[in-house]
Structures are given as C-alpha cells and as structure tokens.
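Chemist: please work out how this folds:
(2 chains)
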Amino acid sequence: MSDTNTTPVAFVRDALLQEQTPPVTAAGPVTWIKKNLFDGWFNTILTLLAIYFIYMIVSGAFPWFYNGVWTTNSLAECREILQGKTGGCFSVLTERWPQLLFGFKYPSEEYWRPTIAFFLLFFAAAPVLFNKLPRKMLIITAIFPFLAFWLIWGGSLLVPVMVAVGLIIGYVVLTKLEYQSFAMGLIGGIVATLVVWGLMGYITDPLSGVLALEQVPSRDMGGFMLNFILGVVCVSLSLPLGILLALGRQSDMLIIKWICVVFIEFIRGVPLITLLFVANVVLGYFLPPGSNFDLILRVIIMITMFSAAYIAEVVRGGLAALPKGQAEAAGSLGLDYAQSMRLIILPQALKISIPGIVNVAVGLFKDTVLVSVISMFDLVGMIRGPILASTEWNGVYWELWLAAVLFFFPICYGISQYSQWLERQLATGHR
Amino acid sequence: MTTLSDPPKGGFRLSTLINDTRYRSYTFQFIVLIALISAFAYLGSNLIANLKAAGLNISYNFLGEPAGYDINQRLIEYTSQSTHLRAAVVGMLNTLLVAVVACFLATIIGVVVGVLRLSNNWIVNKLMGVYVEIFRNVPVLIWILIIMAVFVAVLPQPREFRGDDATASMFLDLFAFTGRGFYFPRPTFTAEWAAGSTGYLIIIGLLIASFFGARALSKNATATQERTGDRPTTWYYTLAIWLVPVLVACVIMGLSWEIPALKGFNFKGGIYARNSYIALTFALSIYTAAFIAENVRAGILAISTGQTEAAASLGLRPSRTMNLVILPQALRVIIPPLISQYLNITKNSSLAIAVGYMDVTGTLGGITLNQTGRAIETVLLLMAFYLIISLSISAVMNVYNNSVKLKER
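Modeler: Below you'll find the predicted structure:
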C-alpha cells in the first residue's frame, strides 16, 4: 500500500460515480419472467404445464360461477333456469344456509344465541392468542365458557353462574392453603368446589326460571356449529389433560409413568373412528346402569382423550427441549416439584410447544367431521344426510362440497398462519 | 457416624408419608394405583350389571358363525357363508391394500411436490403452495367424499362403452376407467401346474431372490471399488438379475393376459378395482402427499448450503453431491415424519366406511357389529388390529432412528 503514495499517480477519482439504473437485461419484468419462468427447457415445460392447468381450472369454473343460480327452491327449478348451460345451483346454499350452520333441529328463533356466542369467542380468544392485548381482557376469557354454555344450551343463567362461583371459591381456598403445600391446596380447593356445587343445587332447583332461555337439548345441535363446539370444547379440555399426561410420562414414579405411556400410546395407535365407535356403542356399557349420557357428551369425552394424547406428546417434546439445568436450578433455590413446574419449567416448555399444540388443534378441528360417521348431523352429516337425501336437492354435490371446503379452509389456514407467525415471534425472543 | 443430612430418627408418623421425600413418591403411586384399581373395578361392575340387564355376555364365539353378508371387494376367497372371522380378515387385507398403495402414491406425489415447491419457477412454486395449503386445511373426510363424487360424475358409466356410437372407449383396449371402478388386464398362467395362485407365488419368490441377488452384486461392486478404486459398471447385470428370471418363468408357465370386456351391463374379466377403493386410495394419497411435501421441503431446507459448497470444494459433481452429501442428511430429517404420515394413512383408511369400501372398519366394525350386536368384542378387536399395525410401524421407526442417529462422542 505504501508505494502508491511514493509513485506519482496520474488521476485519482475523488467523487462517487452517479448511480445508474441496472441495464434492461438485468432487471425489469421481462428479465424476471425469463429468469423465473423460462430458465431452461425443463422450467419452460413446467411453466407451460402450470399455465395450462390454471387455464383448465379457470375456464371450467368461471361459467359455473358466472351462470350460478342463487334464488330457487329446488334443483329442478334451478335446472329449468339454466336450460342446459353450465352453472352452479348455489340456491341450495341460500335455501339451506341455516341448516348448514345450525343443523335442522335447533329452533330457528334462537339462532341469535349461538351467533352471539360465536362472536364473543373472538373476544375471549384474542387475549390468549395475542400477548400484546391488555391483560384485563382475560376476564372475558374467564367468563366466556359459562356465558357460551348459557347462550347455546339455554336454561337458567343461575346454573353457569353457580358453577363459576364454585370454581372461584375453590380457587380462593387453593391460594389460601397453597403456602402449606400445593397438593394440600389442590385437594382443599377441589373439596371446597364440590361442596359449593352440592349446596348450590338447592338454590338453582327452585329458581330454575330466573333469567332462563329456552332450553335446547344437545342432540338438537348440528351443522357447522357442532363442529365448532366440539373443536373448541375438546381443545380447551384436552390442554390441561395433555400437560398432566406429559408430566406423568416424564415422572420418576414408575407406576404413574407407565399409566401415562400406555394411555398415550394406546390412543395414538388407534384411529379416531374406533374411539367414536366406543363413544357410540361401547361406553354405555361402562356407565352406571340406568344412567343416560348424552351422545354429544360421550363424544366430547372420547375426542378430548384423543387430542390430550397428542398434546401430551407435543408438550413432552417441549419438556425434553429444556436443559436439565433449569430443573436443577429451581431445586437449588428450594422450590418443590409443583412450584418449579409452575414457575420455571412449564412456562418455558409450553412456550416452545405452542406451535405444535396449535397444529394439534387444527388437526382436531378437522377431525370433528368424523362424528358424521356415527350419525351425528355436523356439517358433513347435514350435507350427506338431510340435504342430499331431500327430494329438492338430491344431486347437488359440487356446490355443497365447495361450501364445506370454504367453511373449513379459512379457519384452519388462519390458525396455521397464526402458528407460523407465533413461531417467528418466539424465535426472536430466544436471542 | 451421623451427618447433617441424615434424617432424624423418630417414630413413624402419618405425615412422614407425604412430607418425607423418600416415601412421598411411594405414597403417591400407592394412591394412584388404588384409585386406578377402584376405577377399573367400578367400570367392570357397571359392565357386568349392564350385560346382565341386557342378557348378554362377553364371548368371541360369533367369529366362528357364518357372516351372511357379501363383501364386494376381496383379496381372498370369501362367500356369504364364510365366518365372521374370515370377513374380518378380508377387511384387514383390504385395509392393508389401501394403506400400502396410498403410502406408495403419497410418497411419490409428496416428494415431487416438495421438490417443486423449492423450484425457482415462480408459477410452479406458487401452484404447489396452493395445492399444499388447500389440501392440508380441509378435513380428509371431505376430500374423500369430494373425490368419490368426482369419480362417479366425471368418468363414463359402463353403458357408455356400448355399441357403435360409444361415447367412451377403453384405454389402449386394455384398461377401462369407468365410474364404477377401474378394470385392468389380469396376468394368468396357462401351464397346468402354475394355475391359480402358484404362478403368482413363484413370481414373487423370484423377485425376492432377485432383490438379494442385486444387493449382493452391489456389495461386491463396493468391495471392488474399495480394493482398486474403480467401481465396475454393473447396471446391466442388475437389470438382468431383475428381469431374466421373471421373464423365463413367465415363458415357461405360459403367461397370458385376461383382458376386461364389456358383457351385459358391466365389464367382466381382468382385475376390477371398485370406485370406492380408487377414490379412497387417491384421496388419502393426495391429502397425505401435501403433508409429505412439507416434510420433504423442510428436510432439504434443513441442510445448510455450506454442505453443498464443501462438497463442491472437494471436487464432487452435483449428482454425487446430492447422492452422497445432501440426501443422506436430508433423509435423516425426512424419514421419521414420513413414517408417521404412513401411520396416519393407515389410521385414516378407516374412513373407508364413508364411501362404502369394505375395510376392517366396514366389515368387523360395521356389518358384523350390527348383525351380532357384540359391540365390545368387535370394537376391541378393531382397536387391537390398528394398535398392532401402529406399534409395529413405530418399532420399525425406532430401529431406523437408532441406526441413522448422529454418532456423537
């Protein structure tokens, strides 16, 4: 370097060159197309094939949508209007819309109730899903299950309120006894809750007319609402159960560990359909004689067990990803098992496993359509049963299945996009 | 000698059981065990009471009784006079048939889509993304029903093949794709001693022998390469090992093809795959392929570009880089989720009941259950069947995982 200074230099540029736009051959849409679509013969063939495929789909689907009929009362009328042209009979959707949403038995003057519950769900789920929202919104989340139960099933508002009061009292007892030992607090809380519920029965029975909505038995639930209820209820119930199972599987206590292992592997090894068969035809044999469990309740039990096993495996992955030092550090601070789990281990492990849990939730929501196999009238059950079997709409496949796809796709896609977003958020949190 | 950490030697108190860490875990396990036993006892007593009330008992004798129903798609001999056990076996074989074929198809489609999703071609890349997202986010049951409807509606009915002005024709005059199902030519052997299934068994045996022969050849080639540094060209020997014995056997046994032909209202002869089977297999394949595509993509992306660059700097050609460096590492990431997708296919094949394909859920868990009313026994058998398949696949996966695990010091 030093000799550049000693030898005389003819010219040294002291100002930057003006920036120039790249040449046309290196940028611009034409180059982009060339580079991305027609780069080599293989790519060209692929592009042409893809364009042909898209053309086929669009040219087939466009007239079908464009000529679609939205306002007739039966397939015959619709065909009359179309007169042989290609076109969809979307009127099946407009005419049977309430049935697709709520099933065919839910009283039509009460449709507003599940609708309100549905919209409230967004407010209840928002603070759980997005950390940045004010924490006070969690109150809505806490109230939501009781409110939604009252709205959808009806009956007196007192019943869910009393159930909530029981839980609150139990929680208060738990916090009071917790300083002695967590197990003691838990037992005390459960006992207190049960006692309160037992006493509340004497209050709610005579006052069953207070703030009462018309009662809707659960066998009248149907349509997409049923899928939604099953999905939301089973995911929220299976989360705590799944965490317990995962902890049990990690435990040093052999008996507890093996119970959890056998349960998880058994459930994961059989298809959900066989579990639904169990709910439908077998579970009744194991319940006390004379008891009459609702089918929907039996199905909820089985689906909850099913997804709990899968969530347990996801959470186990999260627990395994934590360095052992975390538990040891917690132990060296003098925290007992319950404390170290609640304060140190689980918050970190759950954070790692949230994307996996969300995937399980999406899978579970999709699996709720299987209840149509045991003749429950969910969305698929409604389409295959009452709608396609009716004289008016026998033969309208495409419109109905398209609607079914459009019911599920946005929700599942949205949740999986959320899970990916969350994964990115959490990844930055790890440095 | 006593140390500070020695527990005080005091009398036994009840609180020791829960407060002393030495005994606490035993106490908990004892409580759980008691709770479990009493729960089972409670359920068992309910079961006995319910069975008594219904006048039933637990017995598997029904498996030996004639089933009395017909199964339209079967791999082994079965009539309505056969036993329920045989019906269940027919169903199990049908389940395995769907599962194996769907796994095979799903792997091919999934790998192709996964690779295409990484392509630089913008339009192909996006198209594959749309395919993956649409199929992953809609329940498989809906796809099965949609594809069943597509098959029935789009493909021609057998009567459209009839007459001089037929609107449909057979593909190459060998295959018939109809809305009722697909018809393929069936190989038969004319030699008397090879008639029936003997001929097929001989062919399968020869193929297995060829597999081991080809493997021995490749091992030999590797040994030569390690000794001399040059790998002998073996591909034509391999081809010969695979083809010659089978061809010779076919000639000796007199291979002929039974071609499906339109007789009456339907095709007769050849191999007949019902539309329910085709739709179910196809739907399971393309649904699972969407998941496999994502696994493949993730596996390839997981290999850092440094690996490719290092291989290039060692002077490896691109094909060798792929075969010797990228694939072995990517497969380690891809195969475990791939096998769990195979498991999912097997479990999802139970949805056959929705399109009327007689798999084990349709025979044992469907008609046999309804005819005999033996809910507990049939559902238990059904679960045991799926459990055995799942556990054996998991066992295979564990063996594989251990064999490819990074050997760390």
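Chemist: CA only for contacts and neighbour counts going forward, please
Modeler: OK.
Chemist: for the nearest residue to residue A:227 once chain neighbours are set aside, give me the pLDDT.
Modeler: Of all residues not flanking residue A:227 in the chain, residue A:368 sits nearest, at 5.6 Å (Cα to Cα, 6 or more residues apart in numbering or on different chains). At residue A:368, the model reports a pLDDT of 91.
Chemist: ok, residue A:368 - contacts?
Modeler: A:227, A:230, A:231 (Cα atoms under 8 Å, 6 or more residues apart in numbering or on different chains).
Chemist: now swap in residue A:102 and tell me
Modeler: Residue A:102 touches A:111, A:221, A:222, A:223, A:224, A:225, A:226, counting by Cα under 8 Å, 6+ apart.
Chemist: state the pLDDT value of it.
Modeler: Residue A:102 is given a pLDDT of 86.
Chemist: ramachandran angles for it?
Modeler: phi -120, psi 0 (degrees, to the nearest 10).
Chemist: around the nearest residue to it once chain neighbours are set aside, how many other residues sit close by?
Modeler: Nearest residue to residue A:102, sequence neighbours excluded (Cα to Cα, 6+ apart): residue A:223, at 4.7 Å. Around residue A:223 there are 27 other residues, counting by other Cα atoms under 10 Å in any protein chain shown.
Chemist: go on, residue A:168?
Modeler: 15.
Chemist: give me the buried positions along the strand or helix carrying it.
Modeler: If you go by DSSP states H and E, residue A:168 is part of helix A:158-177. Under the neighbour-count criterion of 16 or more other Cα atoms under 10 Å in any protein chain shown, helix A:158-177 has A:158-167, A:169-175, A:177 buried.
Chemist: near chain B at all, that helix?
Modeler: No: Helix A:158-177 stays clear of chain B (Cα under 8 Å from any Cα of the partner chain), getting no nearer than 15.6 Å.
Chemist: pull out the buried positions in the helix or strand containing residue B:399.
Modeler: Per DSSP H and E: residue B:399 is located in helix B:375-404. Within helix B:375-404, the residues scored as buried using 16+ other Cα under 10 Å are B:375-379, B:381-383, B:386-387, B:389-391, B:394, B:397.
Chemist: now stretch A:320-332
Modeler: In stretch A:320-332, counting by 16+ other Cα under 10 Å, buried: A:327, A:330.
Chemist: now do that stretch: distance to the chain's middle.
Modeler: 31 Å (Cα atoms, centre = their mean, to the nearest Å).
Chemist: still on that earlier bit, now, of the contacts of residue A:102, which are buried?
Modeler: A:221, A:222, A:223, A:224, A:225, A:226.
Chemist: I'd like the distance between the last one and residue A:412.
Modeler: Spatial separation of residue A:226 from residue A:412 under the definition Cα to Cα, to the nearest Å is 16 Å.
Chemist: also the fourth one?
Modeler: Per Cα to Cα, residue A:224 is found 14 Å from residue A:412.
Chemist: what sits closest to residue B:405 if chain neighbours are left out?
Modeler: Closest to residue B:405 by Cα to Cα, 6+ apart is residue B:332, at 7.9 Å.
Chemist: which SS class is the one you found?
Modeler: What DSSP: H, G, I helix; E, B strand; the rest coil gives for residue B:332 is helix.
Chemist: what sits against it?
Modeler: Per Cα under 8 Å, 6+ apart, neighbours of residue B:332: B:401, B:404, B:405.
Chemist: kindly report the same for residue A:336.
Modeler: No contacts exist for residue A:336 under Cα under 8 Å, 6+ apart.
Chemist: what pLDDT does it get?
Modeler: At residue A:336, the pLDDT recorded in the model is 81.
Chemist: mind listing what's buried in stretch B:281-298?
Modeler: Quick answer for stretch B:281-298 (16+ other Cα under 10 Å): B:281-298.
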